[in-house]
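>>> got a sequence here, can you build the structure:
(2 chains)
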Amino acid sequence: MIAFQNVSKFYENQTVLKNITFTVRKGEMAFLTGPSGAGKSTLLKLMYLAEWPDEGDIVIGDHHLQSLRMPEIPMLRRNIGVVFQDFKLINNLTVFGNVALALRIRGVSEKEIKNLVSEALKKVHLRHLSDSHPRSLSGGEQQRVVIARAIVAEPVVILADEPTGNLDPNTSADIIRLFEEINLQGTTILIATHNRELFRNTGRRVLKLDGGNLVAEEVG
Amino acid sequence: MSLSYSFKSAFQSLCREKWINILSIFTVASSLLIITLTAFFLYNIEIISNHLPERFSIVAYLKDNLSQEETQTIIDALKKRGEIVNLKYISKEDAINELQQALKDTSYILEGLSENPLSSSIEIRLKKDFVTSSSARQISEEIKKISGIDDVYYGEKIAEAIYLLKKSIQNISIIIFLTISTGVVFVTYSTVKILFYRRKEEIEIIKLLGATKGFIRMPFLIEGSAIGFFGGVLGIIGALLFYFAITYRLSMVIPMLKTLVFPLEILVLLPVTGILLGIIGSVIALGRLRL
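Residues are numbered from 1 along each chain as shown, chains lettered A, B, ... in the order given. Next up is the predicted model:
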């Protein structure tokens, strides 16, 4: 579950997010949309504490971010799988190494890592590229690696920031289908995108941001 | 925390950034070699200076005409003192004989004497720790107060010199060790700082995946200690080459050098010191990590 309660974020004198209140239920897949600069990325960053809210409270699963202490931040992040627009893959690690990193951080045994990574790569149809390096992959393939890394440790929530921003329409549709499959297994997913085609006719809830305000909530 | 990952990551970084690491290892090795050579020379000077107190003695001259019992009472009183290692009674006759032997060919100058002008004496040797100018003076003054003792002589200048020599050796060792150690810490600090900045992007990703500070720090600490360790090992190799060069080659010209001793403790101490200084440098370089 994701819950925002009167959350605001300021940069110097500028209001980036103003009094944002919304909830994404456990197991729900929702979209966050709005024009560039609307505050979508900032809103996602507040959830995994790459940025700190200036006002209000955010709840992610069992974590109340307002009362979270510094040593608890890694635990919060381990409950969230993040899919970044710019992938954030480590180039000197293989596809396997990149996905396994999420598990190594959690102290999972090497034997278990082998099985879990293999399973995650199978889900994103990339098992055959396990030994490749990110630079040798296409944009769509790299995005799938990022998704595999986000789901491998079975997080409570998956946040995706413009996951199809660099991809062609067909690959974008594949990625969304992949999220649908992951969501079917009960994972809460919030996807930030400015591309309306992604959520058109999906029947999913869409939260609209504009100028740092949550202006509308509709069904796609 | 996955230690195997930390070791693997540190090893990969050591190989990937080999030139900066090799440069650091050689710099650390040179610094540790200077420490080793200093320790080597000071160790040998210490061995020599440790023998000097054995040659230092206080001589207590006895009054004339003391009975055997009175002399024995003085000897017993001295033996009770904790600062004394051993003492030797020298009678008037022994003293004149020793003097005659010392004068050898010129002993005829004693022939005109109608009686033995020398006094009986007790030669006192002190424990090493008491061979200082102040201790020797205090002990001498206390001995002088014993009934039956006429006068006390001790080599104040010798005691002072021995004490100063030992103290200087200790001080020089500390200054050299601290100066070079600071240098080693600075080298590992700079190296780890550079490596950290080169991997900043990777670290940011690891942070977002939920890594703890320990997980992020560990590979750098391992890398810093590895630089220190390999620097220490190279330092030992350099020191051993130096030692064999002077004992086997130079000793042909200067035979005294053959008596130099190589402190074997250095074989363990140098890599351990390298590791510790490497870790200190790395810890300072990483500073307070923000998650």
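
>>> contacting residues around residue A:184?
Residues counted as contacts of residue A:184 (C-beta atoms under 8 Å, 6 or more residues apart in numbering or on different chains): none. C-betas here are computed from N, CA, C, even on glycine.

>>> quick check, central residue of chain B?
Centroid check for chain B by C-alpha atoms, centre = their mean gives residue B:43 as the closest residue, at 5.2 Å.

>>> can you show me the strands along chain A?
A:2-11, A:14-24, A:29-33, A:55-60, A:63-64, A:80-83, A:157-161, A:188-193, A:205-210, A:213-219 (DSSP state E).

>>> which parts of the chain belong to which domain?
Since no chain was named, I'll use chain A. If you go by automatic domain parsing, the domain ranges for chain A are A:1-79+A:158-220, A:88-154.

>>> wait, chain B
B:3-51+B:167-286, B:57-154.

>>> and the spatially most central residue of chain A, bridged to which residues?
Closest to where the C-alpha atoms of chain A average out (C-alpha atoms, centre = their mean) is residue A:159, at 1.9 Å. Here residue A:159 sits in beta bridges with residue A:82, residue A:190, going by DSSP bridges.

>>> now do it against residue A:29, distance only.
12 Å (C-beta to C-beta, to the nearest Å).

>>> name the residues contacting each of these two.
Both residue A:159 and residue A:29 are in contact with A:189-190, where contact means C-beta under 8 Å, 6+ apart.

>>> can you list the residues of the stretch 1-150 of chain B near chain A?
Within the stretch 1-150 of chain B, the positions near chain A by C-beta under 8 Å from any C-beta of the partner chain are B:1-2, B:4-5, B:12, B:16.

>>> how about the residues of chain A by chain B?
A:48-50, A:70-71, A:73-78, A:82, A:88-90, A:92, A:101-102, A:104-108, A:110, A:149.

>>> can I get the buried part of those as one ChimeraX selection?
Of those, the buried ones go into a single ChimeraX selection, burial set by 16 or more other C-beta atoms under 10 Å in any protein chain shown:
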select /A:48,49,50,73,74,76,77,78,82,88,89,90,101,102,104,105,106,108,149
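
>>> my read: residue A:107 touches residue B:3, true?
No. Between residue A:107 and residue B:3 there is no contact under C-beta atoms under 8 Å: 9.5 Å.

>>> pLDDT averaged over the helix or strand containing residue B:279 - what is it?
In the assignment (DSSP states H and E), residue B:279 maps to helix B:266-286. The pLDDT scores in helix B:266-286 average 94.

>>> what residues sit buried inside it?
Buried residues in helix B:266-286, counting neighbours by 16+ other C-beta under 10 Å, are found at B:266, B:269-271, B:273-283, B:285-286.

>>> same check, this time on stretch B:175-192
Buried-residue list, stretch B:175-192, by 16+ other C-beta under 10 Å: B:176, B:180-181, B:183-189, B:191-192.

>>> what strand or helix carries residue B:123?
Using DSSP H and E, residue B:123 maps to strand B:121-126.

>>> may I have the beta-bridge partners of the closest residue to residue A:16 other than its chain neighbours?
Leaving aside its sequence neighbours, residue A:16 sits nearest to residue A:9 (C-beta to C-beta, 6 or more residues apart in numbering or on different chains; 4.7 Å). Here residue A:9 sits in beta bridges with residue A:17, going by DSSP bridges.
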